[in-house]
Structure formats: C-alpha cells, structure tokens
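Colleague: Below is the sequence, then the predicted model.
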Amino acid sequence: MNLARAVGLGLACALAAGGAQAQPKQYVQVLSVHAKPEGAIDFEAFVKRVNSAADKVPGAPHTVTYQVTTGGPGYTYMIATYFDRWAETDDVPSVPEILLKAYGEVEGTRLLRAGRATIESTETAVFHLAPDLSTKPKAYDPPPAYLQVIRTYVKPDKVQEWEHLIARYKAAAEQIPEAPTAIRRVSVEGPTNVFITSSPFNKAAERDAWPGFLDVLKKAYGEEEARELNERRGECTEHSDMYILKLRPDLSRLK
C-alpha cells in the first residue's frame, strides 16, 4: 500500500482539535501508519507502551488517534498532534527518544524494533487551518467519536478558483442549521494543494440530517447557479476521496 494516499486521511485528522479553545489549532501534524494485517494487534499494544512512556517524559506531545473504518485502507491509523506555532515543535521528543528515556537503552531499543516490525509503512504531513473556508469551525473537547473526511487534490492552476467556490459554499452553509461543521485545512508539508474537510459526529444518525453539497448551493443561489458552481468545482479537482474515521481513545494521549 502507498501511504502517500493514506496520509491525506489524517489528514485527517485534520480533525477537530481537542482542547478548550473556541477555535481549532492552527496546525495539525498527522502521522499516518498502515499496520501489517497480522501485526495490527501488536501495533496497538506498541502505541499503548509509547503513550505510557510519554507520561514519564517531559515535553512529550498529546495525541489524538483515529482509525479508518470505511472508505479507505484497512489497518490505517492517524495519530494527530496539534499546535499553534512552529516554535512549539522545537523540543518535542521523538518516539525513539521517548522510549529510550522512559525504559532505558536496552528495553527501549527492543520495544522500538518490535513496534517497527508491525508496521508496513508510515508518512507524516502537516496541515494548516483554513478558517475562511471552514464552516462553523470550533474545537472539540473531548474529540468527536467519528469524522467524515473528504480529501481533495486541487489542480495547481485552479487553487484560487477552488477556494473562491468553497468560500461561496461556506457562506451558504452557515445559514443552514442542518449543515454540519466542516473544518478545512490545506497541506503545508507533504503532498501539495491537498485540502482536507473534516466533519465531526458522535452518532451515525446525525448524518441523516446533513444536506448535500449541491443542496446547500441550490438553497442559497438557485438551481442554475448552483449547478454551475458545482461543475466548476469538479473542473478544479484532480480527484477526491471520502473516509470515515473512528476515535481510538485507548490509543490516544489526550491530556
């Protein structure tokens, strides 16, 4: 499996940031991990050991972990770390550093090798919040149980037009009570011109009330203009994917 595809999920996770602040954090770094099918249980055990070790190491980051459930590759985990300024990342210890500091060189090295043996591939990307394109953005504490994530690869020469169209959609959606929160972020490290739209929910039934993209445009701009806007959106897009992610609090280090 090519994790360059999976990284967009965490994309994902460009999910709603945890924390008490009113708005999501400015950045999210997402470690996308595709575990070996036969090693998934051992990988989860490894993550729990890392989180336990992190409790003993000053400066270890808090993380939110989601797992792909439908629409994407199986055995894929998104481990997200949020921050507002790049300076916050300067002294954050890596996983090897956390294990070595907490367990010592011999045991830490053993755990690291065992954990890596359960992984097929990994990739890291960073996404920046796009508040002018986000619908009803807010932070969630605790994190939502699920995320509907749409990953959109925009054609390089169509980015400005695509952003203009999404801004039109945002303006319309914010006037419709049933329209869900849609937190949008754009890649700043990793594949370029990738936009992630994350809509949180706690029960699948919540999605029954969500209006479709075209429905929102029709209500605001009329059927003819809505169809034109939707067609132009398609012309701006190289391709897109939609996934459902499930929160794994047992694999997260929330506080």
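Modeller: Cool, the structure landed. Residues are numbered from 1 along each chain as shown.
Colleague: where do the strands sit along the stretch 51-200 of the chain?
Modeller: Ranges of strands in the stretch 51-200 of the chain, per DSSP state E, counting those that start in this stretch, are 64-70, 76-83, 119-129, 146-154, 183-189, 194-201.
Colleague: now the helix or strand just after the last one: mean pLDDT?
Modeller: The C-terminal neighbour of strand 194-201 among helices and strands, as given by DSSP states H and E, is helix 213-221. With pLDDT averaged residue by residue, helix 213-221 scores 95.
Colleague: do the same with stretch 105-125
Modeller: 96.
Colleague: and the closest residue in space to Lys25 that isn't next to it in sequence, how many neighbours does it have?
Modeller: Of all residues not flanking Lys25 in the chain, Tyr82 sits nearest, at 3.8 Å (Cβ to Cβ, 6 or more residues apart in numbering). For every residue, glycine as well, the C-beta is placed using N, CA and C. As a burial measure, Tyr82 scores 25 neighbours (other Cβ atoms under 10 Å).
Colleague: again, but for Thr181
Modeller: 18.
Colleague: give me the number of residues near the closest residue to Thr192 other than its chain neighbours?
Modeller: Excluding its sequence neighbours, the residue lying closest to Thr192 (Cβ to Cβ, 6+ apart) is Pro156, at 7.6 Å. Other residues lying near Pro156 total 9 when counted by other Cβ under 10 Å.
Colleague: Asn193 is in contact with Pro156, correct?
Modeller: Yes: using Cβ atoms under 8 Å, Pro156 is in contact with Asn193, at 5.7 Å.
Colleague: lowest-confidence helix or strand of this structure?
Modeller: helix 3-13 (a mean of 44; mean pLDDT, DSSP states H and E).
Colleague: follow-up on the earlier one: distance to Arg253 added to the strands of the stretch 51-200 of the chain, as JSON lines?
Modeller: What follows is the strands of the stretch 51-200 of the chain, written out as JSON lines (distance: least, Cβ to Cβ, whole Å):
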{"stretch": "strand 64-70", "distance to Arg253": "8"}
{"stretch": "strand 76-83", "distance to Arg253": "9"}
{"stretch": "strand 119-129", "distance to Arg253": "17"}
{"stretch": "strand 146-154", "distance to Arg253": "18"}
{"stretch": "strand 183-189", "distance to Arg253": "21"}
{"stretch": "strand 194-201", "distance to Arg253": "19"}
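Colleague: that older thread, give me the angle between the next helix or strand after the least confident helix or strand of the chain and strand 183-189.
Modeller: Using DSSP H and E, the helix or strand that follows helix 3-13 in sequence is strand 27-35. With axes from the mean of the first three to the mean of the last three Cα atoms, to 10 degrees applied, the angle from strand 27-35 to strand 183-189 works out at 80 degrees.
Colleague: Tell me the strands beside strand 27-35, with direction?
Modeller: Looking at strand 27-35 with DSSP bridges, its partner strands are strand 76-83 (antiparallel), strand 119-129 (antiparallel).
Colleague: chain center to the shortest one, what's the gap?
Modeller: Distance of strand 76-83 from its chain centroid, counting by Cα atoms, centre = their mean, to the nearest Å, is 7 Å.
Colleague: now the angle between strand 64-70 and that strand, please.
Modeller: Using the same axes, to 10 degrees: strand 76-83 against strand 64-70 is 150 degrees.
Colleague: Can you dump the C-alpha atoms of strand 76-83 in CSV for me?
Modeller: Extracted C-alpha coordinates of strand 76-83, given in CSV (Å, rounded to 0.1, in the frame of the first residue of the first chain):
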residue,chain,number,x,y,z
THR,A,76,-4.7,2.5,9.0
TYR,A,77,-4.2,4.8,12.0
MET,A,78,-4.0,8.6,12.1
ILE,A,79,-2.0,10.0,15.0
ALA,A,80,-2.5,13.7,15.2
THR,A,81,-0.6,16.3,17.2
TYR,A,82,-1.9,19.9,17.2
PHE,A,83,-0.1,23.2,17.7
